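> A structural model of the following input is requested.
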Amino acid sequence: MKNTPQVPVNWSFLIKNPAHFIAFGFGSGLPCKAPGTWGTLAALPLFALLQMFFSTNTIALLCIPMFVIGVWAAEITGRNLGVPDFGGIVIDEIVAMWLVLCVAPATMPGWIAAFVLFRLFDILKPWPIRWLDQYVKGGFGVMIDDILAAVFAIVPLLLLAPYL
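This next block holds a predicted model:
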């Protein structure tokens, strides 16, 4: 995690404020080891649940208000923690992964490729993702670098799609 929060991060913290619960990916960001990976994994069943009620195009459109909600939740949670981009804030991974899944083939290999490609770009942060991560602050900064990582993941995913 990037820095030590000023308050204990646990379920009690999450349920004190809806922004905390959302920012921590409904609890998926609580693990101390690899919270971004846990948040990305949480996106998978959440996406499958959304698919029961909405088309893929509708889910892609739902990512717009979810991005706005994520900005709000990350901003409040980061401020309350005293760490603006705390690792446990994983709503950014969830929304970004939903975007990647919107273009991924609806197969096990397609979802695995989507997961691996997104995590690769989210972890490596090639330019300009790294620049956004370093210089764009607040809730918007938390969210936007992952959205760009999703775009980076979508490009090779589209090229691989016929094989998945």
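> count of neighbours near the residue lying closest to Glu75 once chain neighbours are set aside?
Spatially, and ignoring its direct neighbours in sequence, Glu75 is nearest to Gly139 (3.1 Å; C-beta to C-beta, 6 or more residues apart in numbering). Every C-beta, even on glycine, is put in place using the N, C-alpha and C of the backbone. Look at Gly139: counted by other C-beta atoms under 10 Å, it has 26 neighbours.
> Helix or strand: which one has the spatially most central residue of the chain?
Per C-alpha atoms, centre = their mean, the C-alpha nearest to the average position across the chain is that of Glu93, at 1.1 Å. In the assignment (DSSP states H and E), Glu93 maps to helix 91-103.
> Quick one: list the elements packing against that helix.
Applying 3 or more C-beta pairs under 8 Å, 6 or more residues apart in numbering; DSSP states H and E, we find helix 91-103 packed against helix 35-51, helix 56-81, helix 108-124, helix 138-160.
> Isn't Leu44 up against Gly110?
No - if you go by C-beta atoms under 8 Å, Leu44 and Gly110 don't touch, sitting 11.6 Å apart.
> ok, back up a step: columns distance to Val9 and mean pLDDT on top of the helices and strands packed on helix 91-103, output as CSV?
Listed next are these as CSV, based on distance: least, C-beta to C-beta, whole Å; pLDDT from 0 to 100:
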stretch, distance to Val9, mean pLDDT
helix 35-51, 10, 96
helix 56-81, 7, 97
helix 108-124, 21, 96
helix 138-160, 16, 96
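> show me what contacts the residue nearest to the centre of the chain?
25, 36, 39-40, 43, 118, 122, 146 (C-beta atoms under 8 Å, 6 or more residues apart in numbering).
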